[in-house]
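Novice: sequence? don't have it. structure:
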Ligand SMILES: O=C(O)CCC(=O)C(=O)O
Ligand SMILES: [Fe+2]
């Protein structure tokens, strides 16, 4: 660091100068010509710092919570140097990040004494002398970014810093007329040994990396960043700077982030016993919109399942589809065979009960699969997964069905896009960010769970426990009356929570690709359907993921945005994202989708994908 004369002729006191920020500040002031009294309760550290520049630095032991110690330090300054120009109230302490109900009274008192009472005592002792001296002065109080953005688990520490920032402004106003300036410096977490105290995590390179992910300038605070800011505020260059908070955080406060609170309360407060209903009409007024975004954020990060109401999908589009369902499944065997899924290289069409297995058990449901109507443009040379796109098979005996379903797909495509903008906003992302992951093809399943035989309770599995694997997001219409139960979501303590049908809503849930892209901050929640003694209809719409999406892109695109939040979730769940896409040996989303499809519909695989069939079905990676 350069030697200079920016503080030539000035006398400074720096508390907590035996280590970290205080040591850097004292050194820097000394380099710029100031005579500095370095104080600390830790004699060894303070003496070491003073010894680095003995002509300008003098150590004095001080307990900043004791009035007598303040008078002693000031007496020393005046007797040795005849004046004081600068005071840096840097000494501070914290307790370890933990649930606030566990903070002891002793810890509370200590943190307020060292961080706040010290400034009270300093002011009481120094102001009369400053005023008498008649040449003004500069007081710099070290605050924290937590003063304006308190972190969970550090509530009382942050409150002390809030007090410091607030008191500094009041003092600035009160003593400004004497040309005594008061300012705060608010550092981001630095690597000075308090990392684990502040974050509650071990100080490892990985944990630092996660924290840094949310800092636009990509690093922790260096002690010299703070020393240089203090140097400026102490010098005459800052003679018109008074009552401000100088945030030294690499832009972190500017980059909105959500700290996921379950770092403190794993599996408790943030677990769910029911699935929330989110009212999309709140979007329309600037007064209610923040409530919507807050509720959505909670549902995204803590539940992964929600209902939406006031979704603006026209009622007749939904009811037309609902009324068509019994007719569709009443088609006779020959008509169903005409549109059988095994005819389609795009995996579109009818499949009977028992043809799909989930979690090793045959699902008790029959279904028609449709998708955004697209031509079959695949040819040799294009990636094989492009062949998943293609035309639907429409039952020839019921032509109105095509109109009803196409209309429904069109509306749900729009709803999905509207919803995605809100999701992005709730996650502090640009509203368009999530669109780059979408496919032009969305898929729709029309599902019929036949009634179970009351005399047997074997095979009650409508569809087994799973995370939705094919879509970015799923929008589910539960098309049977609310009395017909079946859908359940798994909460974090392993309980199955009913997700009953609610009139005029869709159930919305996260798909695996979204979990990957958000680094597990938004989990794809496991769910299942139990078959009951009444038949049940449902229509999941799977918003499509772009086939060419690579692992690198999926994980890398929003890494810095989500890294910090991932840390919080991992603390509770202790797991990285479990995704077949990430685990498997196929690099693109499209290829891992194709593999999944071929494995669950082997007849189609044998017929249309003979070249890769054996690889895919025998690959259990
Ligand atoms: O039928 C339902 O309610 C849900 C179906 C489902 O989870 C699925 O098909 O992925
Ligand atoms: Fe599902």
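Specialist: Everything's here; your move. Predicted model only: the values in this text are computed from it and were never measured. Ligands and ions are numbered 1, 2, ... in the order given.

Novice: what's the neighbour count on whichever residue of the chain sits closest to ligand 1?
Specialist: Ranked by CB to the nearest ligand atom, the top residue of the chain for proximity to ligand 1 is residue 538, at 3.3 Å. The way it works is simple: take the backbone N, C-alpha and C, and place the C-beta from them, glycine included. Residue 538 is flanked by 25 other residues according to other CB atoms under 10 Å.

Novice: also the one 5 residues further on?
Specialist: When counting by other CB under 10 Å, one arrives at 28 neighbours for residue 543.

Novice: likewise for the one 3 residues further on?
Specialist: The burial count assigned to residue 546 is 19, neighbours taken as other CB under 10 Å.

Novice: go on, the one 10 residues further on?
Specialist: Number of residues near residue 556 (other CB under 10 Å) recorded here: 11.

Novice: mind giving me the domain split of this structure?
Specialist: The chain breaks down into these structural domains: 11-264, 277-579 (assignment by the TED database).

Novice: what mean pLDDT does the longest one get?
Specialist: This predicted structure assigns domain 277-579 an average pLDDT of 90.

Novice: now do the helices in the stretch 401-550 of the chain.
Specialist: Per DSSP state H, counting those that start in this stretch, the stretch 401-550 of the chain has helices spanning 512-517. These are given in chain order.

Novice: enumerate the residues of it near ligand 1.
Specialist: Where proximity means CB under 6 Å from any ligand atom, the interface of the stretch 401-550 of the chain facing ligand 1 comprises 445, 447, 463, 468, 476, 478, 487, 527, 529, 538, 540.

Novice: dump those residues into JSON lines; add distance to residue 212 as well.
Specialist: Putting these into JSON lines (distance: CB to CB, whole Å) gives the following:
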{"residue": "445", "distance to residue 212": "42"}
{"residue": "447", "distance to residue 212": "45"}
{"residue": "463", "distance to residue 212": "42"}
{"residue": "468", "distance to residue 212": "32"}
{"residue": "476", "distance to residue 212": "38"}
{"residue": "478", "distance to residue 212": "44"}
{"residue": "487", "distance to residue 212": "41"}
{"residue": "527", "distance to residue 212": "35"}
{"residue": "529", "distance to residue 212": "43"}
{"residue": "538", "distance to residue 212": "44"}
{"residue": "540", "distance to residue 212": "39"}
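
Novice: and the residue located most distally from the centre of the chain, what pLDDT?
Specialist: In the chain, residue 79 marks the outermost C-alpha relative to the chain mean, sitting 55.0 Å out by CA atoms, centre = their mean. In the predicted model, residue 79 carries a pLDDT score of 97.

Novice: quick one: what helix or strand has it in it?
Specialist: Element membership of residue 79, judged by DSSP states H and E, is helix 67-81.

Novice: same question for that helix: list its buried residues.
Specialist: Applying a neighbour-count criterion of 16 or more other CB atoms under 10 Å, the buried positions in helix 67-81 are 69-70, 72-74, 76-77, 81.

Novice: what's the span of stretch 354-367, first residue to last?
Specialist: Using CA to CA, to the nearest Å, one end of stretch 354-367 lies 10 Å from the other.

Novice: next SSE downstream of the helix or strand harbouring residue 562?
Specialist: Element membership of residue 562 [criterion: DSSP H and E] is helix 559-573. Proceeding C-terminally, helix 559-573 gives way to helix 580-583 as the next helix or strand, assigned by DSSP H and E.

Novice: elements contacting that next one?
Specialist: Using 3 or more CB pairs under 8 Å, 6 or more residues apart in numbering; DSSP states H and E as the contact test, the elements touching helix 580-583 are helix 512-517, helix 551-556, helix 589-600.

Novice: can you tell me what sits against that helix?
Specialist: Judged by CB atoms under 8 Å, 6 or more residues apart in numbering, the contacts made with helix 580-583 from elsewhere in the structure are 469, 512-513, 516, 551, 554-555, 589, 592, 596, 621.

Novice: buried among the residues you listed? Need that as a selection in ChimeraX.
Specialist: Of those, the buried ones can be selected in ChimeraX as follows, counting by 16+ other CB under 10 Å:
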select :469,512,513,516,551,554,555,589,592,596
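
Novice: let's have the contacts of helix 580-583 in CSV, adding distance to residue 347.
Specialist: What follows is the contacts of helix 580-583, written out as CSV (distance: CB to CB, whole Å):
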residue, distance to residue 347
469, 13
512, 18
513, 18
516, 22
551, 23
554, 22
555, 27
589, 15
592, 14
596, 10
621, 22
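
Novice: from the contacts of helix 580-583, which two are the most distant?
Specialist: 555 and 596 (19.2 Å; CB to CB).

Novice: go through stretch 103-120 and flag the buried ones.
Specialist: For stretch 103-120, using 16+ other CB under 10 Å, the buried residues are 103, 107-108, 110-119.

Novice: equivalent analysis for stretch 501-514, please.
Specialist: Neighbour-count burial for stretch 501-514, with 16+ other CB under 10 Å as criterion, is recorded at 501, 505-514.

Novice: from the residues you listed, which two are the most distant?
Specialist: Distance extremes for the buried residues of stretch 501-514: the farthest pair is 501 and 513 at 26.5 Å, using CB to CB.

Novice: list the contacts of the nearest residue to residue 466 once chain neighbours are set aside.
Specialist: What sits nearest to residue 466 in space, not counting adjacent residues and going by CB to CB, 6 or more residues apart in numbering, is residue 358, at 5.2 Å. Residue 358 sits next to 461, 463-466 when contact means CB under 8 Å, 6+ apart.
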